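>>> The following block contains a protein sequence and its predicted model.
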Amino acid sequence: MPPYRTLILLILATVVVGLAFTTPGRNDAAHTEAPAQELTPPSELALMMRAMAIHADSVKAAVNRGGNLPPYPKAFKKLPTAEPTKGMHIDPITFPTFAKDYENKLGRLYKVKKGERQQAYNALVQSCANCHGTHCPGPLMRIKKMYIATE
């Protein structure tokens, strides 16, 4: 028998024997499972940010088709005082300023004429980008996709 066949048979035998002694669910050093990740419920601020993104998507669709805006989101007035995710630092000086800017831009969006909505909407999205440039930059990629392209 050629030497390479002997080597192949030896490797196959080792694999078969190794598989035969492997017990599913064993908890030894070779078979430890990753610990389950503890999931905490999202914070008040995180939930509000998600609602803001959904609202922005609805507004963008309405502006693009020239339709009516979704109802004004009164709940967003709580933005400056919404509880952030545990361990996340929210600057007590700049965050309220960004929140007030968002509130002002949102109010303007609902007051302008239909022909001015695209500009007002993009200003609203820019207020999101301004804040996230300082606080929690993770969503910036998503925010950049929210703008309505100008002609």
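Noted; the coordinates are in hand. Numbers count the residues shown, from 1 in each chain.
>>> which stretches of this structure have low pLDDT?
1-38 (pLDDT under 70).
>>> Quick check: buried residues in the one helix or strand residue 119 maps to?
In this assignment (DSSP states H and E), residue 119 forms part of helix 117-134. Of the residues in helix 117-134, 117-118, 120-128, 130-132 count as buried by neighbour count, 16 or more other Cβ atoms under 10 Å. In this view, the C-beta of every residue, glycine as well, is placed from N, C-alpha and C.
>>> what's the answer for stretch 66-80, then?
Neighbour-count burial for stretch 66-80, with 16+ other Cβ under 10 Å as criterion, is recorded at 73, 76, 79.
>>> can you tell me which residues contact the closest residue to the last one other than its chain neighbours?
This means residue 79. Distances taken as Cβ to Cβ, 6 or more residues apart in numbering place residue 99 nearest to residue 79, at 4.4 Å, with adjacent residues excluded. Counting by Cβ atoms under 8 Å, 6 or more residues apart in numbering, residue 99 touches 79-80, 131.
>>> From residue 107, how far off is residue 99?
To residue 107, residue 99 is 13 Å away according to Cβ to Cβ, to the nearest Å.
>>> secondary structure element for the residue nearest to residue 79?
helix 94-111.
>>> mind checking which helix or strand the residue lying closest to residue 128 once chain neighbours are set aside is in?
Once flanking residues are discounted, residue 128 sits nearest to residue 143: 5.1 Å by Cβ to Cβ, 6+ apart. According to DSSP H and E, residue 143 maps onto helix 140-144.
>>> Would you mind pulling up the elements that that helix packs against?
Applying 3 or more Cβ pairs under 8 Å, 6 or more residues apart in numbering; DSSP states H and E, we find helix 140-144 packed against helix 117-134.
>>> Can you show me the CA trace of the helix it packs on as CSV?
The C-alpha trace of helix 117-134 is given here as CSV (Å, rounded to 0.1, in the frame of the first residue of the first chain):
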residue,chain,number,x,y,z
ARG,A,117,-41.3,70.5,3.5
GLN,A,118,-38.3,68.9,1.9
GLN,A,119,-36.0,71.6,3.2
ALA,A,120,-37.6,71.5,6.6
TYR,A,121,-37.4,67.7,6.8
ASN,A,122,-33.7,67.7,5.8
ALA,A,123,-33.1,70.4,8.5
LEU,A,124,-34.8,68.0,11.0
VAL,A,125,-32.6,65.1,10.0
GLN,A,126,-29.6,67.4,10.2
SER,A,127,-30.5,68.2,13.8
CYS,A,128,-30.4,64.4,14.5
ALA,A,129,-27.0,64.2,12.8
ASN,A,130,-25.7,67.2,14.8
CYS,A,131,-26.6,65.5,18.1
HIS,A,132,-25.4,62.1,17.2
GLY,A,133,-22.1,63.6,16.1
THR,A,134,-21.6,64.4,19.8
